[in-house]
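Visitor: A predicted structure for the sequence below; I have some questions about it.
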Amino acid sequence: MSRLALLCLTLALTGCADNAGRFVLDTPAPAARTAVAVSSIEVLDVALPAYAAAVEIARQDDGGAVRNLPDSLWADEPVRGITAALARSLDLATTATVAPEPWPLEEPAQARVAVHVEKMLARADGGFDFEGQFAVSAPLGGVRERIERFAIHLPAGAVDSAGIAAASGTAVARLAEAIARSLAR
C-alpha cells in the first residue's frame, strides 16, 4: 500500500472517530441523605461485562444480540466513569465521605464497596436492566460485612444513545441509594 493511500485511510478512520457523539454518564441527585454507620467509604473499580466495559454504547436488538450503536461512544472509559459516578452518588446519598480507589487519604476508609455488574443493558423495547451484586467489607470493623444482589429495571425510554446514558445514570444513582440503605445505622 502506498504511503499516500495509507495516509488517506488513516485520515478517513480518524474522521470517523471524530464524528462519533460522546455521552457523559450523569447521575441525578438523591432525594435525601442517609445516615450511615461509617464515616468513610472507598468504592473499588466496578466490574462490568465486556459489552458494558467497551467505549462503544451498545443496545440489545430484537433478536437478542448486543450491538454497538453507530457513532456513539461514552465520554469516559466505562469502568472509570461508572466507578466515579457511583462514588459521587454514594457521597451525595450518605453522611460518609466517599471516594473511588485508590483511597486518597492517609487513614484508611472504614468500609469498602465492590460492585460486580452482571447486566447493564438497554433492551430492544427501550427498557434498561442493571443487575449484579455489591459487597461491603469493613477492614477495621464498624459495619457488618455482606454481599447483596441488586436488580434495577427502568421502563422504556433508553432507545438511543442519550436515552441509554440517562438510564445508566439513573440506574447507578439507584444502586447508590440501595448501598446507602444497606449501610444505614
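Guide: Received the coordinates, thanks.
Visitor: now the closest residue to E101 other than its chain neighbours: how far from V159?
Guide: Distances taken as C-beta to C-beta, 6 or more residues apart in numbering place L44 nearest to E101, at 5.2 Å, with adjacent residues excluded. All C-beta spots, glycine's among them, are computed from the backbone N, C-alpha and C. Distance, L44 to V159, by C-beta to C-beta, to the nearest Å: 32 Å.
Visitor: between those two, point out the one with more neighbours.
Guide: More neighbours surround L44 than the other of L44 and V159, with 20 against 17 (other C-beta atoms under 10 Å).
Visitor: so for the more buried one, what's the pLDDT?
Guide: L44 carries a pLDDT value of 98.
Visitor: surely it touches A109?
Guide: No: look at L44 against A109 with C-beta atoms under 8 Å: they stay out of range, at 10.3 Å.
Visitor: and the residue positioned nearest the centre of the chain, what does it touch?
Guide: By C-alpha atoms, centre = their mean, the chain has its centre lying nearest to I82, at 2.7 Å. Going by C-beta atoms under 8 Å, 6 or more residues apart in numbering, I82 touches L25, V46, L48, V117, S168, V172.
Visitor: can you verify it is assigned to a helix?
Guide: Yes: membership of I82 in a helix is supported by DSSP: H, G, I helix; E, B strand; the rest coil.
Visitor: done for today, thanks.
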